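Here is my input; please provide its structure:
(2 chains, ligands or ions: 2)
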Amino acid sequence: MAALDGTPWVDDDEHEVRPYALTGGRTRPTNEMSLSSLLKARATAPEGYLSPEAAHCLALCRGEARSVAEVAATLGQPVQVAKILLSDLLDAGALIMAMPTRTADPKDPNLLEAVLEGLRTYVV
Amino acid sequence: MRGYEPMSSDDPIALKIVVGGGFGVGKTTMIGSVSEIKPLSTEETLTSASSGTGTDRLEGIENKSTTTVALDFGRITLQKQNMVLLLFGTPGQQRFWFTWDDLSLGAIGAVVLADTRRLLDCFAAVEYFESRDVPFVVAVNEFDADDAYRYSSEEVREALELKADVPVLLCDARDPASAKHVLVSLVSYAHAVSLRRARERAVQAPPAAPPLQHSSDLGATS
Ligand SMILES: Nc1nc2c(ncn2[C@@H]2O[C@H](COP(=O)(O)OP(=O)(O)O)[C@@H](O)[C@H]2O)c(=O)[nH]1
Ligand SMILES: [Mg+2]
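Ligands and ions are numbered 1, 2, ... in the order given. Next up, the predicted model:
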């Protein structure tokens, strides 16, 4: 299959997907989540064994909710691998997905006004 | 207009901003200079099998034709608003457009970074965000403020065939204040666009009376 500009998608073998050893060969998470889904650790520690990577994911989401993208990037793992690890932690009851009571409609003028106000006072 | 007063007990809202543009234009640099964490990078695995169909782009990952796309990541927490802005930097080649679909879905908007020495490198990004109706600004990263390649923002607008309302600004991706100014300009523009859309919707909403009249006429003749 070719890309829009006519070049093939895969131009070298280096970019073949690496073995999903960390996920026991699984390639899909059991829970649906996006790059910007936020997850937070539950107060109680999960029972049973956690792999070092799973424990790392959990630690990252302790205190403040963290996005799937940030967990993946901090772990140095592809997004899909992080999604599977996080999904397992959700299933184990160790993590919960953040559920804002407000909707995140990025075309809502009120929301954008609040973002603007926050960004203007953000100290870089 | 105070629909988003902070509430201490609820979870934060995550919002996305995309930074696009050609290779080496300063995307990673810009994200690093505004992010509250050091810029991180991850990779998204993509498959040719899902590239044409659209819905779940990660389905069929066991398929052999996979490729990875690097993604820069940065974060800005807006404490008082209980929001977190997620910044995503993504390569600007056409073959990565399907990553942009995932990224730009639900995004506030995009910064298209441009380098005047290779101005047309960002044309694909401009075209993309225009076609997907994603609000964007063009930020010209001035690598060397007094070099011979300097363009005025009007010249940039003309070369990229930008609509009159799309903001064009000069920036220094290495300077946090400058990078923040670019984001403020983007959100300000996205806000203006959202207000204009809301007004247009209000004007277009048809009055309800005539159709009722019409249906009773039909009832009488049948
Ligand atoms: N002189 C100068 N160098 C810059 C500027 N912005 C980025 N760079 C450098 O240009 C190179 C490419 O920048 P990078 O952020 O990696 O580009 P990306 O490919 O778009 O992510 C890096 O070596 C940066 O240090 C700038 O405003 N001025
Ligand atoms: Mg980069």
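
where exactly do the strands run in chain A?
Per DSSP state E, chain A carries strands over the ranges A:38-41, A:66-67, A:95-97.

out of those, deepest packed?
Stretch with highest mean neighbour count among the strands of chain A: strand A:66-67 (a mean of 24; mean count of other C-beta atoms under 10 Å in any protein chain shown). Bear in mind the C-beta positions are built from the backbone N, C-alpha and C, glycine included.

what pairs with that one, and is each one parallel or antiparallel?
The strands beside strand A:66-67 in its sheet (DSSP bridges) come out as strand A:38-41 (antiparallel).

neighbouring contacts of the partner strand?
A:33, A:58-59, A:61-68, A:71, A:86, A:89-90, A:94-98, B:11-12, B:14, B:84 (C-beta atoms under 8 Å, 6 or more residues apart in numbering or on different chains).

ditto for stretch B:191-209
A:107-109, A:112-113, A:116, B:135, B:165.

which of those residues tops the neighbour count?
Taking other C-beta atoms under 10 Å in any protein chain shown as the neighbour criterion, residue A:112 ranks highest of the contacts of stretch B:191-209 with 26 neighbours.

contacting residues around that residue?
The neighbourhood of residue A:112, defined by C-beta under 8 Å, 6+ apart, consists of A:106, B:108, B:187, B:190-191, B:194.

Of these, which belong to strands?
Members of those lying in strands (criterion: DSSP E): residue B:108.

Just to be sure, which of the contacts of residue A:112 are found in helices?
Among the contacts of residue A:112, the members falling in helices (DSSP state H) are B:187, B:190-191, B:194.

Most widely separated two among the residues you listed?
Spatial extent of the ones in helices among the contacts of residue A:112 (C-beta to C-beta) is set by the pair B:187 and B:194 at 10.3 Å.

So for those two, which sits in the more crowded spot?
Taking other C-beta under 10 Å, residue B:187 and residue B:194 do not tie; residue B:187 has more neighbours (27 against 21).

residue contacts, the more buried one?
Residues in contact with residue B:187 (C-beta under 8 Å, 6+ apart) are A:112, A:115-116, A:119, B:108-109.

pull the helix or strand with minimum mean pLDDT from chain B.
The helix or strand of chain B with the poorest confidence is helix B:48-51; it has a mean of 42 (mean pLDDT, DSSP states H and E).

anything in the helix or strand following that helix near ligand 1?
Downstream of helix B:48-51, the next assigned helix or strand under DSSP states H and E is strand B:66-78. No - Strand B:66-78 does not reach ligand 1 (C-beta under 6 Å from any ligand atom); its nearest approach is 6.5 Å.

got the buried residues for strand B:66-78?
Within strand B:66-78, the residues scored as buried using 16 or more other C-beta atoms under 10 Å in any protein chain shown are B:66-69, B:71-78.

For chain A, state which of the residues you listed is nearest.
Nearest to chain A out of the buried residues of strand B:66-78 is residue B:78 (C-beta to the nearest C-beta; 3.2 Å).

Was I right to think that closest one contacts residue A:118?
Yes - counting by C-beta atoms under 8 Å, residue A:118 is a contact partner of residue B:78 at 3.2 Å.

I'd like to know how many residues surround the residue in chain A that ligand 1 sits nearest to.
Closest to ligand 1 within chain A is residue A:73: 14.4 Å, counting by C-beta to the nearest ligand atom. Residue A:73 has 23 neighbours, counted by other C-beta under 10 Å.

leaving aside the residues next to it on the chain, what's closest to it?
Once flanking residues are discounted, residue A:73 sits nearest to residue B:40: 3.4 Å by C-beta to C-beta, 6 or more residues apart in numbering or on different chains.

Residue B:155 and chain A, how far apart?
Applying C-beta to the nearest C-beta, to the nearest Å, the value for residue B:155 to chain A is 27 Å.

now that residue, what's its secondary structure?
Under DSSP: H, G, I helix; E, B strand; the rest coil, residue B:155 falls in the helix class.

show me what contacts it?
Going by C-beta under 8 Å, 6+ apart, residue B:155 touches no other residue.

related to what we said a few turns ago, quick check: which of the contacts of strand A:38-41 are also close to ligand 1?
Among the contacts of strand A:38-41, not one lies near ligand 1 by C-beta under 6 Å from any ligand atom.

In helices only, show me those.
Filtering the contacts of strand A:38-41 for helices - DSSP H - leaves A:58-59, A:68, A:71, A:86, A:89-90.

Among the residues you listed, name the buried ones.
A:58, A:68, A:71, A:86, A:89-90.

Since that was my last question, I'll sign off now.
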